[in-house]
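*Asks:* got a predicted model here, sequence first, then my questions.
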Amino acid sequence: MRVASFWTMKRTKHPGEESLEKPSSPERRRSIEEKVEMASIRTIPTLALTLLASSGLACATAVSPSVVHVDLMDPSTSPSINSMMIETDAQNVKAGPVVFEVSNDSKTQVHEVIVVAVANPDAPLPYDKEDDRVKESKIADLGEASDLQPGEKKTLRLTLKPGNYELICNQPDHYKAGMKASLLVTQ
Ligand SMILES: [Cu+2]
């Protein structure tokens, strides 16, 4: 079976090898059979390597993280932006490892990003009006890239379960000013 399939492959790969295509005498046939046998012996290690390589690839695919780029912006970033905001390039990702590549694109302000698990994506987070910040003790803070200076970049690696999440900046007044973005993590 394996010999036959190798034979087909060999013929397909080398249509120019006419001597292998039309066996004309018993002697010739025998010599071809020997060649095929030798070829199949050489094929076995190759086959094993191929299987190893493909199973390795499958493993790598299974654990490769989702990447979300997060841009923290405000009017100093560009004249076209008229409020503070968080922009992401993915609104939903698969459950598992997630890498947040966070970039503070402001030219003047410190920003940050906190990943918060939320039960209801439409409900506002508990807010401390005196501090002008989300109450961090009352939220499910899963991780953060805190206090990025203007132009600074940070990487945040998390493993997320399916559910709703919110990305917020909790510098004073920034959440209220609009620095939030939703993220849905699916099965
Ligand atoms: Cu901010």
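*Replies:* Received the coordinates, thanks.
*Asks:* confirm Ser106 sits in a helix?
*Replies:* No. Counting by DSSP: H, G, I helix; E, B strand; the rest coil, Ser106 is not found in a helix; it is coil.
*Asks:* now do the same contact list for it.
*Replies:* Contacts were defined as CB atoms under 8 Å, 6 or more residues apart in numbering; by that measure Ser106 touches 72-74, 76-77, 150-151. Every C-beta, even on glycine, is put in place using the N, C-alpha and C of the backbone.
*Asks:* most neighbours among those, please name it.
*Replies:* Counting neighbours by other CB atoms under 10 Å, Leu72 leads the contacts of Ser106 with 28 neighbours.
*Asks:* run through the bridge partners of it.
*Replies:* Beta-bridge partners for Leu72, by DSSP bridges, are Ile86, Asn104.
*Asks:* and the contacts of Ser106 as CSV, adding pLDDT?
*Replies:* As requested, these are exported to CSV (pLDDT from 0 to 100):
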residue, pLDDT
Leu72, 98
Met73, 98
Asp74, 98
Ser76, 98
Thr77, 98
Pro150, 98
Gly151, 98
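*Asks:* tell me which of these is nearest to Lys138?
*Replies:* Leu72 (22.9 Å; CB to CB).
*Asks:* gap between the closest one and Asp173?
*Replies:* 14 Å (CB to CB, to the nearest Å).
*Asks:* could you list every residue that touches the nearest residue to Glu136 once chain neighbours are set aside?
*Replies:* Of all residues not flanking Glu136 in the chain, Asn170 sits nearest, at 6.6 Å (CB to CB, 6 or more residues apart in numbering). For Asn170, the contact set (CB under 8 Å, 6+ apart) comprises 112, 114, 133-134, 136.
*Asks:* now do Ser103
*Replies:* Applying CB under 8 Å, 6+ apart, the residues contacting Ser103 are 69-72, 148, 152-153.
*Asks:* now swap in Met85 and tell me
*Replies:* 73-74, 178-179.
*Asks:* helices of this structure, residue ranges please.
*Replies:* Counting by DSSP state H, one finds helices in the chain at the ranges 2-13, 18-21, 26-63.
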